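A.B. asks: Pasting a predicted model and its sequence here:
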Amino acid sequence: MAQDFSSLRSVVPDRLRSALKWYRVSAYVTGILLLLLTIEMVAKYGFGSELEMGGQQGFVAMVPDGTVAAFNVSSAILIAHGWFYVVYLFTSFRIWSILRWPLWRFLWLASGGLFPFLSFVIEHYATAYIRSLLAEIRGEE
């Protein structure tokens, strides 16, 4: 990788490793929740059903939209994905700010939580790239 790493001299490898670890965890959690959200949206808007837990129809049941009488798993998935996407944005911002990347790199990282499966793809490429940067930084020390 023939790049100028002079701007990375101030990067503390331990901070970057820690940020990468948190980014990877948040990317996987956000990706899984986004897949669940996609399935939930298809069930709700395609079939008119919501997922209920602990209701009269059993431990977990699909009930008609708007008739949930117990714990609404569909709403829980929506809320959880929203909050974990905020965590994902924070971890993306942390990596972006540590590496002092251009804005488009932050937008690239942040887009991972918007489309199903994209967080897994972006996480893979970002992790490979950041690990190569860490190897280059270690080589310069």
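C.D. replies: Here it is on my side, so go on.

A.B. asks: buried residues in the least confident helix or strand in the chain by mean pLDDT?
C.D. replies: When the helices and strands of the chain are scored by mean pLDDT, DSSP states H and E, strand 58-64 comes last with a mean of 85. If you call a residue buried by 16 or more other CB atoms under 10 Å, then strand 58-64 has these buried ones: Ala61, Val63. Heads up, the C-betas are built off the backbone N, CA and C, glycines and all.

A.B. asks: helix or strand right after it?
C.D. replies: strand 71-72 (DSSP states H and E).

A.B. asks: so what does that next one touch, helix or strand wise?
C.D. replies: With contacts defined as 3 or more CB pairs under 8 Å, 6 or more residues apart in numbering; DSSP states H and E, strand 71-72 has these neighbours: strand 49-55.

A.B. asks: List the buried residues of the strand it packs on.
C.D. replies: Ser49, Glu50, Leu51, Glu52, Gly55.

A.B. asks: what mean pLDDT would you report for it?
C.D. replies: The average pLDDT within strand 49-55 is 87.

A.B. asks: and the longest helix belonging to the chain, what other elements does it pack with?
C.D. replies: Ranked by residue count, the top helix of the chain under DSSP state H comes out as helix 13-41. In terms of contacts (3+ CB pairs under 8 Å, 6+ apart), helix 13-41 is packed against helix 73-99, helix 118-140.

A.B. asks: Pick the most buried one from those helices.
C.D. replies: helix 73-99 (a mean of 18; mean count of other CB atoms under 10 Å).

A.B. asks: mind putting the helices and strands packed on helix 13-41 in JSON lines, distance to Tyr45 and mean pLDDT included?
C.D. replies: Putting the helices and strands packed on helix 13-41 into JSON lines (distance: least, CB to CB, whole Å; pLDDT from 0 to 100) gives the following:
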{"stretch": "helix 73-99", "distance to Tyr45": "11", "mean pLDDT": "94"}
{"stretch": "helix 118-140", "distance to Tyr45": "21", "mean pLDDT": "89"}
